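> the following comprises the amino acid sequence and a computationally predicted model.
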Amino acid sequence: MPRARVSAWLVAFPPFAWIALFLFTPYCLLFCYSFWSLDASQQLLRHATLANYLHLATTPLYVTVILRSMRIAFSVVVLSLLIGYPLACFLVFQAGKYKRILYQAVIIPLWISYLVRAYAWKVIFGNEGVMNTLLLWAHATRHPLGFLLYSPFAVIVTLTHIYVPFVVLPVVASLEKIPHELLESSSDLGATAWQTFTRVILPLSLPGVLSGATFAFLLSFGDFLAPLLLGGPSSVMIANIVANLFGADYNWPLGAAVAVLILVMVLVILTITQRLERRWRMA
Amino acid sequence: MKALSTTFACAAYGFLYLPIVVLVVYSFNLDGVGGFPPQHWTLNWYRTLFDDSAMWTAVANSAIVALSTVVLSMLIGFPAAYALDRYSFPGKAAFQRLVLLPLIVPGVITGISLLLLTVSSGFHLSLVTVILGHSTALTAVAATEILAGLAKLDRSLEEASADLGASRIQTLLRIVLPGLRTSLLGTALLVFTLSMDEIAVTFFLIGRENTLPLEIWSRLRRGATPEMNAIATLIFLFSVITIFLSQWLTTHQPEHAT
């Protein structure tokens, strides 16, 4: 074996061993568990069965919750893009000498505890929270608005707040790659600002949009903390079901089957968006 | 047009910073969380917090977990990134996918699959399992950041070093690692912060001792008190200091790092 190859294996071996043991093996175990079951006395039965998957396919609850999770994640993506895309354009084309510091200001919230931010929205949206007492104080409403907290609304706002920076960063990166001459020649050739935007800027920024959107979608889809903290019964998401089955509802095999389902969906969505991104990059 | 987009940007920053401002302001509010306008300023909630020994035990646990996670995820993440950047070997694409998978797989999946491993191998849940979970999840972050750092390195220095007869190990120790110093420090700080804040994976791997986020979490479920605002404000301050520290480290790198 050539020496370079030996040293490649030496370097790659420790991380490879770690990943095999603590990432690959656990995923395999998860897969195995999803085919096992519990007997009447809650003991694990290690016989392969499709019962868990059949249960998932035949119980409407799971389909409802999966569709709801997708709806919530999709709303988060749309809102994050509506806020993040113009913000990225502002940073790249108009921020001028303040660009660096304003860019940092988008990154700072990323470093702030997820829990702290989710809690802050709870303080804002609660019945005696800042928003409601402000509205009462300003006589904008007579009764506190109950729909603010413990609703999909609160979950969507919180997740949007968390994922806006994840959208801004890749969009800024792809906007910055657009050569300046391209924009100048577009306006020299008589294109209006709107035409330059729709024909040049938007198509060239799509890879950034796609990677930010994928990230926001997948991570909101699998979130279970925001629904637990800010959502009511009407905003239970699929990862909550997994958490419950591994907690109070004690049925690990069924929970593992739901988890495998989530994992498969994540991988499918990821593969599709990576294909799309590659095609757009080449075009 | 310009005025419009500036107004929009202000609104977007307002949205990003509103929760943080609210948290900080209400941590000084005597009458508790919420209630507009805030009145009766006080430091009471901070006093309560400083006397809260369970909270500080949780802070210490979190610090132990975060420090161990930094060490482990750098020890695994650096060789992983180095192998991915500098070598080609069979199965490289699959290896890269697997290493980076925890970045986009929801934490709940990583958490329960490691829980299954722990239980199947007869171990008990403790801070050790939490450290394992954090290291596995955050190695993906460390590897990504270090890969970006490696891509920015000037390859000609390494070639010169090899031409002058240095072995791979010598080149690694004398050229690559010093060149990566700021990137490694930045990565370590990021991993530390993320570990201090992790809940989704921790949730399933925690034993009897709570980390800080889980301590806060269990209290939040019992109801919000302004003491939570006080600890949140301190966490925010800590994050801001960390960011500026990492910024300062990356901009003030010594000119000739040897």
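Good, I have the coordinates. Numbers count the residues shown, from 1 in each chain, chains lettered A, B, ... in the order given.
> quick one: the strands in chain B?
Assigned strands in chain B: none (criterion: DSSP state E).
> right, and chain B sits closest to which residue of chain A?
Closest approach between chain A and chain B, counting by C-beta to the nearest C-beta: residue A:222, at 2.3 Å. Backbone N, C-alpha and C define where each C-beta goes, glycine included.
> give me the phi and psi for the nearest residue to that residue once chain neighbours are set aside.
Take residue A:222 and drop its neighbours on the chain: the residue closest to it by C-beta to C-beta, 6 or more residues apart in numbering or on different chains is residue B:106, 2.3 Å away. Backbone geometry at residue B:106, expressed as degrees, to the nearest 10, gives phi -50, psi 140.
> contact partners for the nearest residue to residue B:135 once chain neighbours are set aside?
Leaving aside its chain neighbours, residue B:135 sits nearest to residue B:72 (3.9 Å; criterion: C-beta to C-beta, 6+ apart). Residues near residue B:72 by C-beta atoms under 8 Å, 6 or more residues apart in numbering or on different chains: B:131, B:135, B:139.
> so where's the stretch 151-258 of chain B uncertain?
Within the stretch 151-258 of chain B, the ranges that satisfy pLDDT under 70 run B:224, B:250, B:252-258.
> in it, which spans are helices?
Using DSSP state H, counting those that start in this stretch, the helices of the stretch 151-258 of chain B run over B:155-163, B:168-171, B:177-179, B:181-197, B:202-205, B:212-222, B:226-251.
> okay if I get the ones you listed as TSV plus distance to chain A?
What follows is the helices of the stretch 151-258 of chain B, written out as TSV (distance: least, C-beta to the nearest C-beta, whole Å):
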stretch	distance to chain A
helix B:155-163	11
helix B:168-171	6
helix B:177-179	13
helix B:181-197	4
helix B:202-205	6
helix B:212-222	5
helix B:226-251	4
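> highest mean neighbour count out of those?
Comparing the helices of the stretch 151-258 of chain B by mean neighbour count (mean count of other C-beta atoms under 10 Å in any protein chain shown), helix B:202-205 comes out on top with a mean of 25.
> show me how far that one is from its chain's centre.
Computed by C-alpha atoms, centre = their mean, to the nearest Å, the chain-centroid distance of helix B:202-205 equals 16 Å.
> related to what we said a few turns ago, by neighbours, which of the contacts of residue B:72 wins?
Highest neighbour count within the contacts of residue B:72: residue B:139, with 30 neighbours (other C-beta atoms under 10 Å in any protein chain shown).
> residues in contact with that residue?
Counting by C-beta under 8 Å, 6+ apart, residue B:139 touches A:15, A:18, A:19, B:72, B:73, B:76, B:77, B:80, B:99, B:102.
> how much space between it and residue B:155?
Separation of residue B:139 from residue B:155 (C-beta to C-beta, to the nearest Å) stands at 25 Å.
> now swap in residue B:176 and tell me
Note on residue B:176: its distance to residue B:155, by C-beta to C-beta, is 10 Å.
> and what of residue A:248?
Distance of residue A:248 to residue B:155, computed by C-beta to C-beta: 55 Å.
> tabulate the CA atom coordinates of the helix or strand of chain A with the lowest mean pLDDT in CSV.
Lowest by mean pLDDT, DSSP states H and E among the helices and strands of chain A is helix A:130-137, with a mean of 77. C-alpha atoms of helix A:130-137 as CSV (Å, rounded to 0.1, in the frame of the first residue of the first chain):
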residue,chain,number,x,y,z
VAL,A,130,-46.1,41.8,27.4
MET,A,131,-48.2,41.9,24.2
ASN,A,132,-51.6,41.4,25.8
THR,A,133,-50.9,43.9,28.6
LEU,A,134,-49.6,46.4,26.1
LEU,A,135,-52.8,46.0,24.0
LEU,A,136,-55.0,46.4,27.1
TRP,A,137,-52.9,49.4,28.3
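> by contact count, what packs against that helix?
The contact analysis (3 or more C-beta pairs under 8 Å, 6 or more residues apart in numbering or on different chains; DSSP states H and E) places helix A:130-137 against helix A:114-125.
> how about the helices of chain A, start to end?
Ranges of helices in chain A, per DSSP state H, are A:3-19, A:25-33, A:51-58, A:60-89, A:99-111, A:114-125, A:130-137, A:152-176, A:180-188, A:193-196, A:202-221, A:225-230, A:238-245, A:252-282.
> which residues touch the first one?
Contact with helix A:3-19 is made by B:75-77, B:79-80, B:82-83, B:87-89, B:95, B:98-99, B:136, B:139, B:143, B:168, as judged by C-beta under 8 Å, 6+ apart.
> list the buried residues in it.
Neighbour counts over helix A:3-19 (16 or more other C-beta atoms under 10 Å in any protein chain shown) mark A:7, A:8, A:11, A:12, A:15, A:16, A:18, A:19 as buried.
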